[in-house]
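A.B. asks: Any chance you could fold what I've pasted below:
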Amino acid sequence: MRVDWELRACARKGHATYRPDEPELAARLTATTAVGVAWRCLRCGDFVVGEPALGGPAQDAPVLLRGRALRDATVLRLLAVERLVRALLMVLIGYAILRFRRSEEAVQRLFDRAVPAARPLADVLHLDLNHSPTIEHLHHLLYTRPQTLLLVAVLLFGYAAVQIVEGVGLWLLKRWGEYFAVVATSAFLPLEIYELTERITVLRIGALVLNLGAVLYLVASKRLFGVRGGATAFEAERHAESLLEVQQATRAEASSSPEAAEAAPAVSGRSRGSE
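C.D. replies: The predicted structure is shown next:
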């Protein structure tokens, strides 16, 4: 079953209609209906009755995510949510260590309560707390000196900060966020590989596959580090999927030949009548 990402986005955000100042281009984006003039949504392509939401020169029109770009944005935001949830867990663990680092008995009681309480969230994220390397390390930390626990808490807060920056950048669909996510995730891959040399578990293999897949996906789909043409090719691809860009290209092709230029008004008239 094919997911119509454009319609899903318009259902959440509303249609994005735009009136270009160029008359010929505006004619291609409008249609006359029995209930009034309708303008074509730049995201999903449907015609919406009423005045357009925005207007101005075609070059100032918003470049909206469509097709594969819109699907990629959904994937990136799912990754962002996972990073932010991970950061929240690290902050909670770090706070617990600071709060109770001078009392082993209090830490043990907190740990015994926190692990069962975290199981519903862990089940949603498909995390196996019974064989989690993080949980195993925390068991060892229960009998560690307060100074060492303080260092561990600081490192956890630092890791959480990295995850927050990564999550925010991915959620906002910023290119720096994509670069940051690749670099930050890649930096921890050697540690995950090292953990596999100590003991192979399904959780460790899954974490490595997930993070490695995320890195490869970001580099390939977003053309990072000059891959597949780099940023220039990425922006060209994004603009090529813009509905307004397609209409402009059609107009340019029509005006490039005398025969097409003569046929263009007739075609435009039939299109408006049928739509």
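A.B. asks: who are the neighbours in contact with the nearest residue to Ala58 once chain neighbours are set aside?
C.D. replies: Leaving aside its chain neighbours, Ala58 sits nearest to Pro20 (4.3 Å; criterion: Cβ to Cβ, 6 or more residues apart in numbering). For every residue, glycine as well, the C-beta is placed using N, CA and C. The neighbours of Pro20, taking Cβ atoms under 8 Å, 6 or more residues apart in numbering as the test, are 26, 29, 55-58, 61, 244.
A.B. asks: May I see the buried residues of stretch 87-104?
C.D. replies: Neighbour counts using 16 or more other Cβ atoms under 10 Å place 87, 89-91, 93-94, 96-98, 100-101 of stretch 87-104 among the buried residues.
A.B. asks: cool, and stretch 219-233?
C.D. replies: Under the neighbour-count criterion of 16+ other Cβ under 10 Å, stretch 219-233 has 219, 221-224 buried.
A.B. asks: Output it in PDB with nothing but the alpha carbons.
C.D. replies: What follows is stretch 219-233, C-alpha atoms only, in PDB (Å, rounded to 0.1, in the frame of the first residue of the first chain):
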ATOM      1  CA  VAL A 219      25.200  10.000   3.900                       C
ATOM      2  CA  ALA A 220      23.600   8.500   0.800                       C
ATOM      3  CA  SER A 221      20.100  10.100   0.800                       C
ATOM      4  CA  LYS A 222      21.300  13.600   1.900                       C
ATOM      5  CA  ARG A 223      24.500  13.500  -0.200                       C
ATOM      6  CA  LEU A 224      26.700  14.400   2.700                       C
ATOM      7  CA  PHE A 225      30.500  14.900   2.500                       C
ATOM      8  CA  GLY A 226      30.300  15.300  -1.300                       C
ATOM      9  CA  VAL A 227      28.600  11.900  -1.900                       C
ATOM     10  CA  ARG A 228      26.500  11.700  -5.100                       C
ATOM     11  CA  GLY A 229      27.200  15.300  -6.000                       C
ATOM     12  CA  GLY A 230      27.100  16.800  -2.500                       C
ATOM     13  CA  ALA A 231      25.000  19.800  -1.400                       C
ATOM     14  CA  THR A 232      24.600  21.200  -4.900                       C
ATOM     15  CA  ALA A 233      23.000  18.000  -6.300                       C
END
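A.B. asks: 639 is where my numbering starts, stick with that
C.D. replies: With 639 as the first residue, the last one maps to stretch 857-871.
A.B. asks: got the buried residues for stretch 788-800?
C.D. replies: Neighbour-count burial for stretch 788-800, with 16+ other Cβ under 10 Å as criterion, is recorded at 790-791, 794-795, 797-798, 800.
A.B. asks: Please identify which helix or strand holds Gly844.
C.D. replies: Secondary structure assignment for Gly844, by DSSP states H and E: helix 840-859.
A.B. asks: actually Pro690, not the one I typed
C.D. replies: With DSSP H and E as criterion, Pro690 is part of no helix or strand.
A.B. asks: number of nearby residues for it?
C.D. replies: As a burial measure, Pro690 scores 21 neighbours (other Cβ atoms under 10 Å).
A.B. asks: about what we covered before: let's see which of the buried residues of stretch 788-800 end up in helices.
C.D. replies: Taking DSSP state H, the ones among those that sit in helices are 790-791, 794-795, 797-798, 800.
A.B. asks: so where do the helices sit in the protein?
C.D. replies: In the chain, the segments counted as helices under DSSP H are 643-651, 661-666, 706-738, 742-762, 771-779, 784-809, 813-836, 840-859, 868-878, 881-894, 896-912.
A.B. asks: Listing request: residues of this protein with sub-threshold pLDDT.
C.D. replies: When the per-residue scores of the chain are filtered using pLDDT under 70, the ranges that remain are 639-643, 701-703, 705, 739-750, 752-753, 755-757, 759-784, 874-913.
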